[in-house]
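> With the input below, show me the fold.
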Amino acid sequence: MSNPLKYGIIALPLLLSCLPQAVQAATQNGTILIRNKDYEQCSLTVPGEGSGKLTQYEFNLPDSSCKNIKPRTIQFDGLPSAATILITDGLGCDLEDAKFRLKLRTTRRVTSMPAFEFEDLVSFENYIAPGVLVLEKDFTQDSDARDSTACIRITTSPATKRPDPIPATQVKEAAYFVDPRERFTCGLHEVITARLHRGDETDGRTAYICATFKQASTDLLIGPLSWSNKIIESSGTYYMCPPGKVMVGRDHWNDENGSTTYACASLKNGSKDLEIIWSDGWSAPQGEHESGFACPTDSFLVGRYHDGDEEGPTRYRCATAQ
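The predicted structure follows:
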């Protein structure tokens, strides 16, 4: 008579040896390839199945790998199932600014799609390719999507339902009045929540409001800060803190054509970095020479946009933490 236990013991090592490959297949990252009309390309990483991450790629940011590529085609390679992909020309995925938007969802565990031109994608009603479903779209004409994609937001589903996160809440504010030509950083463990400016870049007046935050009863800390590369904001360039970072300082040199740098840092509960959730859009534009903006309660600055001289438009981007 055969011994089921004996055969089970023999088969167990073989079964266990297969598990790492199975786990790897379930969590492997996918790739989105973006190409211009000359076939120059950049690639976007899509977190693997079960990661439960929100990842946003903004092509107009100075450090974007797609900065100098006008997106003509898009291709998927090995994307996980149940990933939602928002494609738009809206600044920072702001749909209020957008001329077109397209939201897709993957329905196969490993989803690939050959290269399509963006203006062809918006013509599909249901499935673009096996495993790629159109959830919603909005555009005036197909050409709105040609060479104009500025932001792609990817949301992957979590492996298991996570407990509801605890949001960070504001504790105490402090106001700072500074010379706009001087480097500014918030006080200890503070984050910028508001900014006001009057006048031009060299002789004007600037004020910041910074605040401390807590999570439940624990006071939050600011990690080591790092300064961005220099940018020229008068050309319409905008700046966003890196993912997972908050804005804690700014430095501007000379007039509107001078260079600007920003200081960003992580927001920490003990040794753990909090997740930073960017707002969907930007504030309404204001003339820089008479601008004043404060983020909503329990949120803080992570981005700023300016174009032109002191009378040009300034906009802000806020975020929350959990």
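> Need the residues that contact stretch 248-261.
Contacts to stretch 248-261, defined as CB atoms under 8 Å, 6 or more residues apart in numbering, come from residues 180-186, 190-192, 200-202, 210, 222, 225, 227-234, 239, 262-265, 304, 308-310, 312. All C-beta spots, glycine's among them, are computed from the backbone N, C-alpha and C.
> Repeat the analysis, applying 6 Å as the threshold.
Contact with stretch 248-261 is made by 183-186, 191, 201-202, 225, 227-228, 230-231, 233-234, 262-263, 265, 309, as judged by CB atoms under 6 Å, 6 or more residues apart in numbering.
> What of stretch 44-60?
Outside of stretch 44-60, the residues within contact range by CB under 6 Å, 6+ apart are 26-30, 32, 66, 79-80, 92, 150-156, 158-159.
> Could you list the buried residues of it?
44, 46-51, 53, 55, 57-60 (16 or more other CB atoms under 10 Å).
> Would you list the buried entries among the contacts of stretch 248-261?
184-186, 191, 201, 225, 228, 231, 233-234, 262-263, 265.
> Tell me the one among the residues you listed nearest to residue 298.
Of all the buried ones among the contacts of stretch 248-261, residue 298 sits closest to residue 191, with 11.0 Å by CB to CB.
> so what's that closest one bridging to?
residue 211 (DSSP bridges).
> Contacts only, for it.
Contacts for residue 191 were tallied using CB under 6 Å, 6+ apart; they are 246, 248, 300.
> distance of residue 61 from residue 87?
Separation of residue 61 from residue 87 (CB to CB, to the nearest Å): 17 Å.
> more crowded one of those two?
Neighbours per residue (other CB atoms under 10 Å) separate residue 61 from residue 87, with residue 87 holding more: 26 against 20.
> Leaving out the residues flanking it, which one is nearest to that one?
Ranked by CB to CB, 6 or more residues apart in numbering and with sequence neighbours excluded, the top spatial neighbour of residue 87 is residue 102, at 4.6 Å.
> Report pLDDT for the one you found.
At residue 102, the model reports a pLDDT of 95.
> So which of the buried ones among the contacts of stretch 248-261 is the closest to residue 218?
Set against residue 218, the nearest of the buried ones among the contacts of stretch 248-261 by CB to CB is residue 191 (15.6 Å).
> picking up where we left off before, tell me, how many neighbours does the residue nearest to residue 87 end up with?
Neighbour number of residue 102 under other CB under 10 Å is 23.
> Mark which of the buried residues of stretch 44-60 are part of helices, please.
Among the buried residues of stretch 44-60, DSSP state H puts none in helices.
> What is the nearest of those to residue 135?
Checking the buried residues of stretch 44-60 against residue 135 with CB to CB, the nearest one is residue 46 at 16.5 Å.
> measure the closest one to residue 160 for me?
20 Å.
> what's the answer for residue 233, then?
43 Å.
> and what of residue 122?
Remark: distance between residue 122 and residue 160 (CB to CB) = 35 Å.
> So which of those two has more stuff around it?
Between residue 122 and residue 160, counted using other CB under 10 Å, residue 122 has the larger neighbour count: 21 against 6.
> surely the more buried one meets residue 139?
Yes - the pair residue 122 / residue 139 is scored as a contact, 5.2 Å apart, by CB atoms under 6 Å.
> any chance you could map the strands in the stretch 101-250 of the chain?
In the stretch 101-250 of the chain, strands defined by DSSP state E, counting those that start in this stretch lie at 101-106, 110-117, 127-129, 132-138, 151-155, 168-178, 184-185, 191-198, 205-215, 218-219, 221-222, 226-227, 235-240, 246-252, listed in chain order.
> List the buried residues for the third one?
Right, strand 127-129. Buried positions in strand 127-129, judged by neighbour count with 16+ other CB under 10 Å: residue 128.
> Run through the neighbouring helices and strands of that strand.
Applying 3 or more CB pairs under 6 Å, 6 or more residues apart in numbering; DSSP states H and E, one finds that strand 127-129 contacts no other helix or strand.
> Now find how far off-centre it is within its chain.
26 Å (CA atoms, centre = their mean, to the nearest Å).
> do the same with the first one
A distance of 17 Å separates the C-alpha centroid of strand 101-106 from that of its chain, computed with CA atoms, centre = their mean.
> Same check on stretch 34-54?
13 Å.
> Can you give me the end-to-end span of that stretch?
19 Å (CA to CA, to the nearest Å).
> before we move on, what about stretch 98-107?
26 Å.
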